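>>> I would like to see how this sequence folds:
(one chain, ligands or ions: 1)
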Amino acid sequence: VTRARLRVVVLGAGTVGREVVRELLTSWTGEFEVVGVAVRDLAKAEATGIPQALLTDAPAHLVAGEGDVVVELMGGEEPARTLIKAALGAGKAVVTANKHALARHGIELERTARGAKAQLRFEAAVLGGTPILRVLADDLAGAQVRVVRGIVNGTTNYILSEMAATGATYEDALAAAHAAGYAEADPTADVEGGDAADKLVILARMAFGAWLDRAAVPRAAPGDPPGIAGVTADALAVAREGGQVIRLLATAERGSDGRIVAAVVPTHVPADSPFGRTTGVRNRVEIEAPPLGSIAVEGPGAGGPATANAVLSDLLAIARGEGSTWGSLPPAGTAALRAPWDAT
Ligand SMILES: NC(=O)c1ccc[n+]([C@@H]2O[C@H](COP(=O)([O-])OP(=O)(O)OC[C@H]3O[C@@H](n4cnc5c(N)ncnc54)[C@H](OP(=O)(O)O)[C@@H]3O)[C@@H](O)[C@H]2O)c1
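Okay, here's the model as predicted:
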């Protein structure tokens, strides 16, 4: 879409959506016109300062309406996936931060976007406001990415940092994460590595040109509990004696057999290394891409205002007539995947 002032529909006005709406209504009125905001609880949204006239609890109506761009910030699988697909199918551009839906339905959503020649942008889905997908898809489009590896979940990194710094148990560190507002009411997707696996699938799409089967991404070494659920204060104390800390690393690598080697696992790293020094809710992704060598991107991985920044940048890219987050990369297929500990 290209028009002087894009008409924007926003689905969801929570932590991220509320910030996006606020920005659009204050700083970007020359570029964008907000034509509707969909939530479930209208009174709650109005209390955050969103004009009542914009609010609706019927997101499908908004998507079918007059907007040029749909910004999906509801999260979760449904109805988000169906709404994104409907918008793209109708030729509307979509901006989303929804890693959950993208990791499971990326291939379908990419096919729909390409078929309808509609832009689908999702920079905010990985590393929140910190740019990483455009780095892979645009800036490194000419390189052969060999490895993508990172700390991509702030909640678990906060818990691991807290445990290492204070000797706290996993339960106490999780409670501290809740108190600091860094953990969801239900922290399962974070602590069991599911959120990191979602982000790894999206990173791998940019790095290796294929959508991995999300359900096949291992989130633990064989026999271990998923994610950081099995990391104990004792394990961290032993690591410390060896000058190490534990980080939940998400890694995808081009295997010599053509398969993608991928996993999300707690990993010992030197305390005095870039990953070891990445503490709290910060995120960091390292990319090995010959002939360039190794580069890294580090920054805040979440938070309403930070994540809203990535959403706004995607909206501005759409206003400039740029394409989807995969840029000029060819259409992605699927790729076979194996765990690092599986035989080649
Ligand atoms: N928070 C972050 O730091 C962050 C960072 C990166 C990416 N993201 C992603 O951004 C997205 C939004 O996250 P968030 O933290 O802003 O979520 P949130 O605070 O839970 O907000 C979700 C919003 O969507 C609305 N909503 C949910 N289901 C709906 C439905 N069926 N119909 C209409 N409205 C519905 C909610 O309305 P009610 O409140 O009325 O129920 C609420 O306004 C997610 O995909 C998340 O993974 C978040």
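>>> part of a helix, is Trp341?
No: if the criterion is DSSP: H, G, I helix; E, B strand; the rest coil, then Trp341 is coil and not within a helix.
>>> what about it, distance to Glu31?
Trp341 sits 50 Å away from Glu31, going by CB to CB, to the nearest Å. No exception for glycine: its C-beta is placed from N, CA and C like everyone else's.
>>> of those two, who's got more company?
Counted by other CB atoms under 10 Å, Trp341 and Glu31 do not tie: Glu31 has more neighbours, with 16 against 11.
>>> from memory Val63 sits against Ala87, does it?
Yes: Val63 is within contact range of Ala87, at 5.0 Å (criterion: CB atoms under 8 Å).
>>> name the residues contacting each of those two.
Val70 (CB atoms under 8 Å, 6 or more residues apart in numbering).
>>> for the chain, which helix is longest?
Criterion DSSP state H: the longest helix present in the chain is helix 99-116.
>>> and it, average pLDDT?
The pLDDT scores in helix 99-116 average 98.
>>> elements contacting the helix or strand just after that helix?
Later in the chain than helix 99-116, the nearest helix or strand by DSSP states H and E is strand 120-121. Contacts defined by 3 or more CB pairs under 8 Å, 6 or more residues apart in numbering; DSSP states H and E place strand 120-121 against strand 93-96, helix 99-116, helix 304-319.
>>> repeat that with 7 Å
With contacts taken as 3 or more CB pairs under 7 Å, 6 or more residues apart in numbering; DSSP states H and E, strand 120-121 sits against helix 99-116, helix 304-319.
>>> for Val16, phi and psi?
Note on Val16: backbone dihedrals following degrees, to the nearest 10 are phi -90, psi -50.
>>> count of residues packed around it?
A count of nearby residues for Val16, using other CB under 10 Å, gives 27.
>>> swap in the one 5 residues further on?
Number of residues near Val21 (other CB under 10 Å) recorded here: 26.
>>> quick check: it touching Val37?
Yes: in terms of CB atoms under 7 Å, Val21 counts as a neighbour of Val37; the distance is 5.7 Å.
>>> shared neighbours of these two, anything?
10, 13, 50 (CB atoms under 7 Å, 6 or more residues apart in numbering).
>>> make JSON lines from these and add secondary structure, distance to Ile132 and pLDDT to it.
Below are these laid out as JSON lines (DSSP: H, G, I helix; E, B strand; the rest coil; distance: CB to CB, whole Å; pLDDT from 0 to 100):
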{"residue": "Val10", "secondary structure": "strand", "distance to Ile132": "23", "pLDDT": "98"}
{"residue": "Ala13", "secondary structure": "coil", "distance to Ile132": "25", "pLDDT": "98"}
{"residue": "Ile50", "secondary structure": "coil", "distance to Ile132": "30", "pLDDT": "98"}
